[in-house]
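> predicted coordinates and the sequence they were generated for:
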Amino acid sequence: MSKDRIAGGLTVYLVEELGDARLRCNQLKQYIGDAIKMVEKSPHKDHFFEVAGHLIHGIPDTLLRLEKALDAVSLAASRMDYEETKATLRPEKVEELERVLQDVRLKQLSRSSMADSVAKRFEGRRGG
């Protein structure tokens with residue numbers, strides 16, 4: 001078996017497992033959101049925050065960091081797959097693809113507005 005074929009198989013496996021991890025992360029995010037809503041609606045809300053405030057604050061924060069780490073790995077895996085595929089194409093096809101990709105890329109949000117958006121995502125759920 002050639003090295004290229006082995007590397008391709010590893011990339012496919014990595015991308016599949018990464019997709020599954022991202023799916024599980026989204027499921028976890030929904031469960032945590034549901035739990036936060038239940039705590040907020042509970043008549044014992046103050047008690048929950050008193051005895052488990054560190055969890056109510058820490059779990060969504062940790063989940064957000066997990067999600068960002070998975071996004072970073074996903075971007076790296078996509079780039080790795082892109083570079084492997086690009087190496088198999090004719091140079092003129094690569095140039096054509098690069099031009100098309102350049103034309104369709106969306107402008108990136110500024111880093112500061114993205115960071116603000118991320119920070120506010122769970123803040124409202126935690127009560128401030």
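Structure received.
> show me where this protein has helices.
Assigned by DSSP state H, the helices in the chain fall at 3-41, 45-88, 91-104, 111-126.
> now the ones you listed in TSV, with mean neighbour count and mean pLDDT?
Every residue, glycine included, has its C-beta placed from N, CA and C. Rendered in TSV, the data for the helices of the chain read as follows (neighbours: other C-beta atoms under 10 Å; pLDDT from 0 to 100):
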stretch	mean neighbour count	mean pLDDT
helix 3-41	13	88
helix 45-88	13	91
helix 91-104	10	84
helix 111-126	11	56
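> run through who's touching stretch 98-106.
Contacting residues not belonging to stretch 98-106 are not present [C-beta atoms under 8 Å, 6 or more residues apart in numbering].
> nearest residue to the middle of this protein?
residue 71 (3.3 Å; C-alpha atoms, centre = their mean).
> for residue 45, see how far away it is.
Using C-beta to C-beta, to the nearest Å, we find residue 71 at a distance of 32 Å from residue 45.
> also residue 90?
Taken as C-beta to C-beta, the span from residue 90 to residue 45 is 63 Å.
> same question for residue 83.
51 Å.
> so residue 21 sits against residue 70, correct?
Yes: applying C-beta atoms under 8 Å, one finds residue 21 in contact with residue 70, separated by 5.8 Å.
> what pLDDT is listed against the residue sitting furthest away from the middle of the chain?
Largest separation from the mean C-alpha position in the chain: residue 43, at 34.0 Å (C-alpha atoms, centre = their mean). Note on residue 43: pLDDT of 96.
> gap between it and residue 75?
Using C-beta to C-beta, one obtains 44 Å as the distance from residue 43 to residue 75.
> what of residue 11?
In terms of C-beta to C-beta, residue 11 sits 14 Å off from residue 75.
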